[in-house]
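> have a look at this fold, sequence not included:
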């Protein structure tokens, strides 16, 4: 076997044989599963939100109940669980609300004292107090809850009561009940069009959105894979260096071939990781959303999301080559992991900080930030990947791709040079500036 | 006549103002065990690293197997570095096979050789044990196995005996003799002169990066005059007047007897004959050749000193 492949195989095994790698593989599917279970994928897991209404103004409780019925009906159509229910406020709770007795209010809202719904005793989620003068001129209610971050009940009440106020105003203006219902049921549907869409008429469909989001997901997975591999790569180089294994290896093959082997090994680990995440994620998605992996692939194919695959593969290779070689180069300058960590922080910020703009670029794919970052040697692969399906200007895109290839080759060459120069050094630890200096120009 | 396995000509290396290796030349033939001796910081490791291409030289030429230095030729060399290290999580046989494969062996042969070699080194029971779970001595033998598993024609071993107990040293010496008998050239650096004396046909002593001596062990011994130690219940000062005795030291200063220094070619028996002639029967007569250790101390003197960084090693 070619010596590069022998090194690559060892590197790959070094990653995949660790417990950390298995845990990393499980991370994405587990996250999807968890997120799905917690946020609507499985209705049974959503927390119930029973609330009570004290209606001093009169008539608004009926409006709230009507909205509840409408909400339930819609949830039934969409096969979702409707978690809202109104319960009768106990007398002592009503008295406490009148008197502002926070002790009693807290005991109900923190679940220490139950309220009773049709299903038995439950913990009260929220209490709305509609004042006597509640009207279109004075549209304010008091909302009590021990959970001020969950807006579902508040939003529901806001819409239900606003609709009721509007309905009363319109009725007062002489609008009959039928017209009133029709007015309140009025909604606007927005059809999306994009001149760049090839389909006749240029209407943007869900498949088109999938095509745009797919590279973004791949770019994020690539980032996660690189982040997972980078520290292992760094530690492996430092271990080889400190244990002097590196001398025995370099007595057999050149530093360039060693680095190539490491690169292929790390690339293989990244591909396995991303494939594992994709498969595991599809499996998890199947559980939480009843979408099979086959359906996902069919949807991607229908959306032509794979048509950019060659360009995405190029971005992937360049991104991986840039980041792994930089970490190898840094590992070669350090004598111990502690030393490496001292300049790992700034390096991580430099390399991964701008990737915080990925979402911005997804939303504004051809803006100034997107164009600028597409020419950044360390970050171009990520941003170009995200921009690909969004029809960036051909000339600048070709130029950015060409620049990415040139800068990747230059950067890799520079890192190989720094790696070869520094990998056998074991003298006193370099300071950050000295380490960078060594990395960039080497020192015999 | 076959070309030398290793030929070093006018090799030089400096670190700033410090000359680590200075105009060094030597050559080694097939089947030869060559001792590379020198005090700490004399330039041994630097020289070995330059031979292997791990470090660029400032001047000089290295030829391997009769050809100019080229990386592919390194496959025919086995190397054991001074500071030992293996992948901690690899199993013993796996580690040996890994390095043998890097030197060009196919996977199956590398594994078979690794297991055979580890068994020869008394490590048959730990072939599948992780390196991190081996004792230091065991790990050192695994690393030696990694250096020789691919059957190199030239073995470069930097301090191969350090850290090994006497029994293991003896075992390794046996392996070296076997390798040399199979026609392999061995260069090894050491501080232990007894080992060099036992194993080497020729030695090179480095002093301050330059060659201070190169030749056979016998030639090295001849660098120092032969000494004869005598004890007798009489005054032996008459021995100083004998031809061939360059100096005579009387008992004292920690010496229990007399010590005569002979000039080259003088037979120690002449001193014994002179004593008998005078009617003096020595109670002790000890005539031994100088050891390599004594030669080394005399050649290197007090100048060989540790240097602060390994750059200078």
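Received the coordinates, thanks. The shown structure was predicted, so the numbers you read here are calculated from the model rather than taken from an experiment.
> drop to CA atoms for contacts and neighbour counts, all remaining ones
OK.
> surely residue B:79 is in contact with residue B:147?
Yes - taking C-alpha atoms under 8 Å as the contact criterion, residue B:79 and residue B:147 are neighbours in contact, 5.2 Å apart.
> between those two, which has more neighbouring residues?
Of the pair residue B:79 and residue B:147, residue B:79 is the one with more neighbours under other C-alpha atoms under 10 Å in any protein chain shown, namely 27 against 24.
> helix, strand, or coil at that one?
Three states are possible here, and by DSSP: H, G, I helix; E, B strand; the rest coil the one that applies to residue B:79 is strand.
> what do residue B:79 and residue B:147 both touch?
Between them, residue B:79 and residue B:147 share the neighbouring residues residue B:155, with contact defined by C-alpha atoms under 8 Å, 6 or more residues apart in numbering or on different chains.
> look through the chain and tell me its longest helix.
Unless you meant another one, I'm taking chain A. With DSSP state H applied, the helix covering the greatest number of residues in chain A is identified as helix A:206-243.
> should've been chain B
In chain B, assigned by DSSP H, the helix with the most residues is helix B:166-181.
> what's the following helix or strand after that helix?
The C-terminal neighbour of helix B:166-181 among helices and strands, as given by DSSP states H and E, is strand B:185-190.
> got a list of contacts for the very next helix or strand once past that next one?
Remark: after strand B:185-190, the chain's next helix or strand is helix B:193-199, criterion DSSP H and E. Residues outside helix B:193-199 that contact it (C-alpha under 8 Å, 6+ apart): B:33, B:35, B:173, B:177, B:190, B:203, B:217, B:292-293, B:296.
> list the buried ones in helix B:193-199?
By neighbour count, and taking 16 or more other C-alpha atoms under 10 Å in any protein chain shown as the criterion, the buried residues in helix B:193-199 are B:193, B:195-197, B:199.
> that older thread, who touches the following helix or strand past the longest helix of chain A?
Taking DSSP H and E as the definition, the helix or strand that follows helix A:206-243 towards the C-terminus is helix A:245-250. In this structure, residues lying in contact with helix A:245-250 by C-alpha under 8 Å, 6+ apart are A:240, A:258, A:423-424, B:54, B:79-81, B:84-87, B:99, B:102.
> just give me the closest of the residues you listed to residue A:203.
When the contacts of helix A:245-250 are compared for distance to residue A:203, the smallest value, 51.4 Å, is given by residue A:258; criterion: C-alpha to C-alpha.
> between whichever strand or helix holds that closest one and helix A:206-243, how many degrees?
Secondary structure assigned from DSSP H and E places residue A:258 in helix A:255-289. Helix A:255-289 and helix A:206-243 are oriented at 140 degrees to each other (axes from the mean of the first three to the mean of the last three C-alpha atoms, to 10 degrees).
> find the nearest non-adjacent residue to residue A:273, please.
residue A:25 (5.9 Å; C-alpha to C-alpha, 6 or more residues apart in numbering or on different chains).
> count the neighbours of the one you found for me.
Using other C-alpha under 10 Å, residue A:25 has 23 other residues around it.
> if we can go back for a sec, now, the contacts of helix B:193-199 that are in strands?
Restricting the contacts of helix B:193-199 to those inside strands, with DSSP state E as the criterion, leaves B:33, B:35, B:190, B:203.
> so which of these is the most crowded?
Each of those was scored by neighbours using other C-alpha under 10 Å; the highest score is residue B:35's, at 28 neighbours.
> what sits against that residue?
When contacts are counted by C-alpha under 8 Å, 6+ apart, residue B:35 touches B:187-190, B:196, B:200, B:202-204.
> so what sits opposite it in the bridge?
According to DSSP bridges, residue B:188, residue B:203 are recorded as the beta-bridge partners of residue B:35.
> any idea how far residue B:157 is from the residue of chain A found nearest chain B?
Residue nearest to chain B within chain A (C-alpha to the nearest C-alpha): residue A:243, separated by 4.5 Å. Look at residue A:243 and residue B:157: by C-alpha to C-alpha, to the nearest Å, they are 17 Å apart.
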